[in-house]
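**Student:** Pasting a predicted model and its sequence here:
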Amino acid sequence: MAAPRRGVQRAGAAAFVCGRPPWGCTRPSPASLEGSDAIDDRPHHQPQLRRPATGPPSASSSSTMMARPGAVKNIESWDEFTKHFVKSEYKLVVLVFMAPWSEPWKLMRPAVEKMASGLKSEEAEVCTISVDRFNTLGRLLRVEALPTFVLVKRHRAVARVVGVNRDDLHSSINKHLAPPSSSPQTINIS
């Protein structure tokens with residue numbers, strides 16, 4: 001029997017469950033799942049379920065949050081993304097690439113919401129973009145960690161903040177805000 005090639009390990013028959021060697025196998029093939037009860041439970045394959053409204057919306061509901069000026073806007077479609085991207089001609093748009101399951105995003109979310117409420121809607125807006133839904137856009141903008149904040153002005157990315165560094169985010173946003181006629185606006189996200 002020939003010696004295995006360098007960098008390739010030999011594996012027993014049990015390792016070839018999905019028809020490929022273990023070093024190339026990331027999930028079972030559809031053929032290997034036929035007739036089984038296996039379910040792909042990765043987050044981007046789960047259906048998005050919405051609860052029906054059972055009464056008046058509360059102050060914490062997402063529909064109320066989206067109606068408030070200065071609130072974080074959740075991008076759900078390419079049309080919405082295009083609409084907000086076009087607004088970057090006149091104001092700063094902060095694109096927050098996140099995932100609902102991301103622990104760093106869960107940590108940073110309250111600070112981002114507070115920051116968004118402190119911004120004037122005519123100067124800046126904050127939009128969240130799920131990398132599960134917009135993975136092509138995430139790859140295009142080289143999003144490698146969550147959350148990633150991309151500041152867009154005049155249709156160009158002018159700054160990027162990766163992770164949960166509130167001070168860097170605060171200084172980047174203040175640096176790129178359009179200077180108002182009277183005095184510079186500063187935001188506090190601490």
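**Tutor:** Noted; the coordinates are in hand.
**Student:** Just confirm residue 161 is within a helix.
**Tutor:** No. With DSSP: H, G, I helix; E, B strand; the rest coil as the criterion, residue 161 is assigned strand and is not in a helix.
**Student:** I'd guessed it sits against residue 149; true?
**Tutor:** Yes. Judged on C-beta atoms under 8 Å, residue 161 makes contact with residue 149 at a distance of 4.3 Å. Where you see a C-beta, it was placed from the backbone N, CA and C, and this is true even at glycine.
**Student:** Next, please give the residue ranges for the strands of the chain.
**Tutor:** Secondary structure of the chain (DSSP state E): strands located at 73-75, 92-98, 124-130, 148-153, 156-162.
**Student:** Need these in CSV (columns: distance to residue 140).
**Tutor:** What follows is those, written out as CSV (distance: least, C-beta to C-beta, whole Å):
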stretch, distance to residue 140
strand 73-75, 15
strand 92-98, 11
strand 124-130, 12
strand 148-153, 11
strand 156-162, 11
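**Student:** so can I have a markdown table of these showing mean neighbour count, distance to residue 105 and mean pLDDT?
**Tutor:** Below are those laid out as a markdown table (neighbours: other C-beta atoms under 10 Å; distance: least, C-beta to C-beta, whole Å; pLDDT from 0 to 100):
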| stretch | mean neighbour count | distance to residue 105 | mean pLDDT |
| --- | --- | --- | --- |
| strand 73-75 | 18 | 13 | 95 |
| strand 92-98 | 24 | 4 | 96 |
| strand 124-130 | 23 | 9 | 95 |
| strand 148-153 | 21 | 10 | 95 |
| strand 156-162 | 15 | 12 | 94 |
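**Student:** angle of the biggest helix by length in the chain against strand 92-98?
**Tutor:** Using DSSP state H to define each element, the chain has its longest helix at helix 103-117. Interaxial angle, helix 103-117 versus strand 92-98 (axes from the mean of the first three to the mean of the last three C-alpha atoms, to 10 degrees): 160 degrees.
**Student:** which of the residues in helix 103-117 are buried?
**Tutor:** Going by neighbour count (16 or more other C-beta atoms under 10 Å), the buried part of helix 103-117 is 105, 108-109, 111-113, 115-117.
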